[in-house]
Structure formats: C-alpha cells, structure tokens
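In: only geometry, no sequence info:
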C-alpha cells in the first residue's frame, strides 16, 4: 500500500474516531440530561399520587405544581424506564436537585411499608380523625365520610354516633398504603376479637349491648380516669339503669355543651336539649363521649356490686368520689362539694 493511501486511511480512521467521539459525547450529554442532570426545582415538593392514577395524571400534577423543570426529558426518561406502564400510589417528597433517574426510581418503589399508629386520651370522633391525619395514603376525609355513613356503618351494626366504639387506645401497625375502608376493617377486627363470647355474655347479663358498654365506659372514664374507682362508678350507673332512673351524669352535660373545661355544672346546663343530656333524657346516650380504654370496658362488665345510687366528687378535689345509697346522704356530700367550690371561687 502506498504512503498516500496509508495517510488517507489514517485520516478516515481519525475522522471516524472523531465522529464516534462526538456522537458518544452527544449521547452522554443526552443521558446526563435525561437521567442525571438536576431536574427537580430548588425546593422540596410534595407529590400525591392517588390509587389507580395514570402516567398522564402524574405528568399533569408535576406540571401543575411546578415540581420539575423539564417535562420533556422526564417523559422520555419515564418511558425508557417503563414508569409510564406502572404507576404506584403514594405521598412522595421530591427533594431539590434530583435528576429524572432518582425521581422515577423513587416513584417506582412505591410506599408499601409499615407505619406505627399510637393514640390515647381522645374524646371525639374528630379528634381521632385528626390524630390519624396524613400518616397514611388515604385522605383523613375518606375516614371521616365512613364514620358518618349510615348505610356503611349499618353493615357492622353501628351508627355514626357509636362508630368510635370500635377504636381502642393502643399502638398499632398498618401499611402506609392502606385504604380508609381497610383501616376501618382492621379496627373492627380488633373490636370483634375483644368482644368474645365471654364479654358478650357479661353485657347480656347486665342487659345492654356492647356499644352501650362503650358509652357507659366513656362516662365512667370522664368521672375518674384512675382504675381504682372505675368499677364502683360503673356500678352506680348500672344500678340506676336497673332502677329505670336517668343517669344524670355530669360528663354528658359537658359533652352536650361541647366544653370539657367546665369545672362546675350549673342548673341551666341541665336544660340543654341534647340526646346526650342524661339529666333530661332517660336511658343511655346514643354513643360514647370519649374513646375509652379496654380496661374501662372491663370495669363496666365486671362492675362492683353495691347499693350505691348516688355519687358526688370529693371536696378535696382529688378526683375521687363520695358514694351514697340515699338522697339525704347524697345531699350532705353535695353540700360539702359546693362549699369547697365556693371557697375556691370556682363558679363555672
């Protein structure tokens, strides 16, 4: 081969090498732009992907909330990584400066992981819903709707008023991507386990339903959260039920007035027109006035047998009570307590 041809061959090889190098660097730049180059904006962004969402919906959400800089590169990278073929629900935080690869791989992992949920000392349904908050994939409003849905609750023998009876203060573990209905069903399962045949028989012996046991337990707990008096207090209310008396429980007036900060119940409060006003209406209120502990439910089921029909808070403000069998005894105890309130200048 002549020197001229050799030089020509080397020149062509050099051109090919340069061309290949250029193509390589162009492809490398494209890959960096597609996958590695920062595409998320310079702030943490909250992305919610509901169940059964489509890739188009994800793209629309990203665009609407200005979460990424370049929609085109994200769409191409998503197709290459096949994210467009399988979208998983979740609540994601996109960190600032992330590239498409990290963002997409993060979204592809989904959020099926256990979450611990602990609650105690809650009164109302709304407080419970607020406690659940956004700890799980479902929106708390989804749970709110279920707990007010008469048709849904009727399948479980519940009503909107007593639906919180299925929740017991404790620590639980659920998967993050659980639905509101499955969350409810899990708790109903725990509720059903608690209400075994033995406990049902005890409630039947008293002559009340498990839901009514929860309601009485909630009143007992508001009277005294300490365990050493709960069974005695429960006995007072069960004695009144058996006598056909009104419960006349002060905590139900506070619930009816929507004010548990009241320290002194007055006569005008007894005129509140509410089914929870046990001074005005005979029988057990339509639902619990707080979410009682399991131990308090057992205190009701294993209530102390005695002849007390009256009780009044002790004048030492210890939270304990003076119990009485007769109205005269009760009036004496009530005077001592009223005098103590007056001395302490507690009028409401």
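Out: Sure, I can see it. Worth saying up front: this structure is predicted, and the values here are computed from it rather than measured.
In: where does this structure have low pLDDT?
Out: For the chain, the stretches with pLDDT under 70 are 1-37.
In: Grab the most central residue of it for me.
Out: residue 132 (2.3 Å; C-alpha atoms, centre = their mean).
In: Spatially nearest residue to it, not counting backbone neighbours?
Out: Of all residues not flanking residue 132 in the chain, residue 140 sits nearest, at 5.6 Å (C-beta to C-beta, 6 or more residues apart in numbering). Using the backbone N, CA and C atoms, a C-beta is placed for each residue, glycine as well.
In: pretty sure that neighbour is in contact with residue 133, am I right?
Out: Yes. The criterion here is C-beta atoms under 8 Å, and residue 140 meets it with residue 133 at 5.9 Å.
In: who has more neighbours, these two?
Out: Remark: of residue 140 and residue 133, residue 140 carries more neighbours, 18 against 9, as counted by other C-beta atoms under 10 Å.
In: Return the residues in contact with that one.
Out: Residue 140 makes contact with 129, 130, 132, 133, 134, according to C-beta atoms under 8 Å, 6 or more residues apart in numbering.
In: measure it to residue 299 for me?
Out: Residue 140 sits 31 Å away from residue 299 when distances are taken as C-beta to C-beta, to the nearest Å.
In: before we move on, what about residue 308?
Out: Here residue 308 is placed at a distance of 15 Å from residue 299 (C-beta to C-beta).
In: just to revisit the earlier point, specify which member of the contacts of residue 140 is nearest to residue 218.
Out: Among the contacts of residue 140, residue 129 lies closest to residue 218 (C-beta to C-beta), at 17.2 Å.
In: quick one, phi psi at that closest one?
Out: For residue 129, the backbone dihedrals (degrees, to the nearest 10) come out as phi -60, psi -40.
In: Same question for residue 267.
Out: phi -60, psi -30.
In: got the contact list for it?
Out: Going by C-beta under 8 Å, 6+ apart, the list of residues near residue 267 is empty.
In: can you check residue 315 too?
Out: By C-beta under 8 Å, 6+ apart, residue 315 lies in contact with 336, 337, 339, 340.
In: Skipping adjacent residues, who's closest to it in space?
Out: Nearest residue to residue 315 in three dimensions, chain neighbours excluded: residue 340, at 3.9 Å (C-beta to C-beta, 6+ apart).
In: same for whichever strand or helix holds residue 182, what does it pack against?
Out: Per DSSP states H and E: residue 182 is located in helix 180-194. Packing partners of helix 180-194 (3 or more C-beta pairs under 8 Å, 6 or more residues apart in numbering; DSSP states H and E): helix 140-148, strand 170-175.
In: Quick one: the helices in the stretch 151-300 of the chain, in order.
Out: For the stretch 151-300 of the chain, the helices defined by DSSP state H, counting those that start in this stretch cover 180-194, 197-206, 210-223, 227-243, 250-256, 294-301.
In: by how many degrees do the third one and helix 197-206 diverge?
Out: Here the directions of helix 210-223 and helix 197-206 differ by 80 degrees (axes from the mean of the first three to the mean of the last three C-alpha atoms, to 10 degrees).
In: Please apply the same query to the longest one.
Out: Calculated by the same axes, to 10 degrees, helix 227-243 forms an angle of 50 degrees with helix 197-206.
In: Okay, buried residues for helix 227-243 please.
Out: Across helix 227-243, burial judged by 16 or more other C-beta atoms under 10 Å covers 229-241.
In: Kindly report the same for the second one.
Out: Using 16+ other C-beta under 10 Å as the test for burial, helix 197-206 gives 199, 202, 203, 206.
In: Residue 319 should be in a helix, yeah?
Out: No. Judged by DSSP: H, G, I helix; E, B strand; the rest coil, residue 319 forms no part of a helix; its state is coil.
In: how about the nearest residue to it, chain neighbours excluded?
Out: residue 224 (5.6 Å).
In: Roughly how far does the one you found sit from residue 299?
Out: From residue 224 across to residue 299, the span is 10 Å (C-beta to C-beta).
In: Show me which of those two is the more surrounded one.
Out: When residue 224 and residue 299 are compared on other C-beta under 10 Å, the one with more neighbours turns out to be residue 299, at 24 against 19.
In: okay but the more buried one is in contact with residue 234, surely?
Out: Yes. Counting by C-beta under 8 Å, residue 234 is a contact partner of residue 299 at 5.5 Å.
In: Contact partners for residue 126?
Out: Contact analysis of residue 126 by C-beta under 8 Å, 6+ apart lists residue 144.
In: which SS state does it fall under?
Out: Strictly by three-state DSSP, residue 126 counts as helix.
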